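Enquirer: All I have is the shape, not the residue letters:
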């Protein structure tokens, strides 16, 4: 997937991502399943905060072999 350079800084990038997630959850998922919408938002928040080893793995990628030795 092509990622465009963020010219507005990380705070603005986070706000745009949060707005997008709210739209996806509230407008697209919630009418189908409120439980799925809530879980989707919770997983995204976990990813953003790096709260679990899975979230860190997905956000930063697998550690290189040199960093684990």
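Expert: Received, thanks. This is a predicted model, so every value here is computed, not measured.
Enquirer: pLDDT at residue 62, what is it?
Expert: Here the pLDDT value assigned to residue 62 is 63.
Enquirer: Any stretches of the protein with poor pLDDT?
Expert: 1-8, 62-69 (pLDDT under 70).
Enquirer: residue closest to the middle of it?
Expert: Central residue of the chain (C-alpha atoms, centre = their mean): residue 44, 4.1 Å from the mean position.
Enquirer: packing partners for the longest helix seen in the chain?
Expert: Counting residues, the longest helix found in the chain (DSSP state H) is helix 34-49. Counting contacts by 3 or more C-beta pairs under 8 Å, 6 or more residues apart in numbering; DSSP states H and E, helix 34-49 packs against helix 10-23, helix 53-60. All C-beta atoms are positioned from the backbone trio N, CA, C, and that covers glycine.
Enquirer: Just give the nearest non-adjacent residue to residue 56, would you?
Expert: residue 50 (4.9 Å; C-beta to C-beta, 6 or more residues apart in numbering).
Enquirer: okay, now that neighbour: neighbour count?
Expert: When neighbours are counted by other C-beta atoms under 10 Å, residue 50 registers 14.
Enquirer: Give me the phi and psi for it.
Expert: phi 60, psi 40 (degrees, to the nearest 10).
Enquirer: Adding mean neighbour count and distance to residue 37, write the helices and strands packed on helix 34-49 out as a markdown table.
Expert: Listed next are those as a markdown table, based on neighbours: other C-beta atoms under 10 Å; distance: least, C-beta to C-beta, whole Å:
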| stretch | mean neighbour count | distance to residue 37 |
| --- | --- | --- |
| helix 10-23 | 12 | 10 |
| helix 53-60 | 12 | 19 |
